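**Student:** Provided below are the primary sequence and the corresponding predicted coordinates.
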Amino acid sequence: MKVLVIDDSRAMRAILSKIMSELGFDVVTAADGREGLDRLGEDDGIGLVLVDWNLPGMNGYELVKAVRRDPAWDEVRLIMVTTETERENVSRAMDAGADEYVMKPFTKDVLLEKLVFLGLVKES
Ligand SMILES: [Mg+2]
């Protein structure tokens, strides 16, 4: 499966890309919400989006709402990435249609747990 990683931090994109490739995903990245939506529109192989809440321009929350407005993307799983200081954002993200969330800083195991829960990775 292909995953789209959307984060404005290059370091975060690198970390998430490494973790997701180690878990067997093909990874594409975008630096903001608008670029993320463009990528999603161009590539119908993307089955999962990891999106940072804090992005310049269109933020992660707006991106989740935009994706969920389009029935063509019903099957796309969305995981919201927030920080611990933004706990209240988690329920907003889930209400908007995110499937799961992780809070920064997180470990590979935390992310793996969410992916197993969503049935995107088999428990080993
Ligand atoms: Mg950010």
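**Tutor:** Sure thing, it's come through.
**Student:** contacts, neighbours, all on C-alpha from now
**Tutor:** Will do.
**Student:** which outside residues touch stretch 37-49?
**Tutor:** With contacts defined as C-alpha atoms under 8 Å, 6 or more residues apart in numbering, stretch 37-49 is touched by 1-6, 30, 63, 67, 75-79.
**Student:** Please identify the buried residues of that stretch?
**Tutor:** Within stretch 37-49, the residues scored as buried using 16 or more other C-alpha atoms under 10 Å are 37, 39-40, 46-49.
**Student:** cool, and stretch 16-29?
**Tutor:** Neighbour-count burial for stretch 16-29 [16+ other C-alpha under 10 Å]: 16-17, 19-20, 25, 27-29.
**Student:** I'd like to know how many residues surround the closest residue to the ion within the chain.
**Tutor:** For the chain, the residue closest to the ion is residue 54, as judged by C-alpha to the ion, at 4.1 Å. Using other C-alpha atoms under 10 Å, residue 54 has 18 neighbouring residues.
**Student:** Next, count neighbours for the residue lying closest to it once chain neighbours are set aside.
**Tutor:** Excluding the flanking residues, the one nearest residue 54 by C-alpha to C-alpha, 6 or more residues apart in numbering is residue 60, at 6.3 Å. If you count neighbours by other C-alpha under 10 Å, residue 60 ends up with 28.
**Student:** No more questions from me, cheers.
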